[in-house]
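K.L.:
Pasted the sequence and its predicted model underneath.
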Amino acid sequence: MSERLRRGLYRFRRSWVSVLGLGIVCLLLLIAILGPAIVPHPEHVAGLVQTGTRFQPPSAAWWFGTNEVGQDVFSLTLAGTRVSLLAGMAVVIVGAVIGVFVGAIAGFFGGWLDEGLMRLSDLMLTVPSLILAMAVAAALGPGTGNMIFAIALSWWPGYARLVRGEVMAKKEEQFVTAARAMGAGSGRLLRRHVLPNIVSPVIVKMSLDMGFAILTVASLGFVGIGVKPPTPEWGSLLSVARANMPDYWWTAIFPGLAIFLAVFGFNLLGDGLRDLLDPKARR
């Protein structure tokens, strides 16, 4: 382990907020993995209606209470963790892959290619990402795949601009010049020498973007153009529960707290990874 990595890990462990963020994210990932096996009422997750138990307040029998059709809110919130996290991760990964490809090509080759790709990213950035995602998702129709595509379409320009700047700086380094002098082609230079050295800022941005991606997924679910029912998702649970406020507050408060916890945890973890992987950007 290099001295730089050891120092980064030491700073990460010394920051209690980073450790807290890591703990929250690990807990959410564990729930997402084990969710279907640990929910107390899997039949409610599948869409079973029990009107005889509707609007039960939180108690020992119903930890988070029940909703307007008698479904256990605790089970729905746990099951929604997998959908929300996987959708958020998919958005970030797809956006990062597209953005890294575009930014690497633009930054390495420059010229008219750089100018055209960056003007395209500027055009995408002029439209608010949530509005663009809502418009695309509404045009494609509800569904998890359509939602992920719609959000990722508005997510890649940030990665493209980040990677372009990093590539433009790295391609002038001496080790790249030496590899070019030894006969390495453009493709090899980009794959073997430039891209591996810009991984750290991309990982930091991905970790910071995860919380916002989950929030955007919940926003589309809230307006009804996200995950199709009866699949539980935090945003769609909030959308249905808003009609029950404030009398039956528990139907909305617990899915809302789940969204807050996910965004909070990933933001704290992202700050810790920034200290670990990018010392120049330390808080």
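P.N.:
Everything's here; your move.
K.L.:
three-state assignment of the residue positioned nearest the centre of the chain?
P.N.:
Centre of the chain computed as the mean C-alpha position; nearest residue by Cα atoms, centre = their mean is residue 210, 2.6 Å away. With DSSP: H, G, I helix; E, B strand; the rest coil as the basis, the three-state label of residue 210 is helix.
K.L.:
mind starting the numbering at 581 from now?
P.N.:
Sure, I'll start counting at 581 from here, so that last one is residue 790.
K.L.:
excluding its backbone neighbours, what's nearest it?
P.N.:
residue 846 (4.2 Å; Cβ to Cβ, 6 or more residues apart in numbering). Every C-beta, even on glycine, is put in place using the N, C-alpha and C of the backbone.
K.L.:
low-scoring stretches of the stretch 631-780 of the chain, by residue?
P.N.:
For the stretch 631-780 of the chain, applying pLDDT under 70 flags the ranges 764-766.
K.L.:
try 80 this time
P.N.:
631-633, 690, 707, 709-710, 717-718, 720-724, 751-774 (pLDDT under 80).
K.L.:
So for the residue nearest to residue 790, what's the pLDDT?
P.N.:
You'll see residue 846 listed with a pLDDT of 89.
K.L.:
name the helices or strands packed onto the helix or strand hosting it?
P.N.:
Per DSSP states H and E: residue 846 is located in helix 830-857. Packing partners of helix 830-857 (3 or more Cβ pairs under 8 Å, 6 or more residues apart in numbering; DSSP states H and E): helix 583-594, helix 596-618, helix 653-689, helix 779-802, helix 814-821.
K.L.:
The residue nearest to residue 798 when sequence neighbours are not counted: how many residues sit nearby?
P.N.:
For residue 798, ignoring the flanking residues on the chain, the nearest one in space by Cβ to Cβ, 6+ apart is residue 815 at 3.3 Å. For residue 815, the number of neighbouring residues by other Cβ atoms under 10 Å comes to 27.
K.L.:
from what I can see residue 815 touches residue 806, true?
P.N.:
Yes: between residue 815 and residue 806 there is a contact at 5.9 Å, judged by Cβ atoms under 8 Å.
K.L.:
got the helices and strands packed on helix 830-857 as a markdown table, with distance to residue 704 columns?
P.N.:
As requested, the helices and strands packed on helix 830-857 are exported to a markdown table (distance: least, Cβ to Cβ, whole Å):
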| stretch | distance to residue 704 |
| --- | --- |
| helix 583-594 | 33 |
| helix 596-618 | 29 |
| helix 653-689 | 10 |
| helix 779-802 | 15 |
| helix 814-821 | 23 |
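K.L.:
so which of the ones you listed comes closest to residue 769?
P.N.:
helix 653-689 (7.7 Å; Cβ to Cβ).
K.L.:
So for stretch 700-709, first residue to last residue, what's the gap.
P.N.:
Using Cα to Cα, to the nearest Å, one end of stretch 700-709 lies 14 Å from the other.
K.L.:
Centre of the chain to it, how far?
P.N.:
Centre-to-centre, stretch 700-709 and its host chain are 19 Å apart (Cα atoms, centre = their mean, to the nearest Å).
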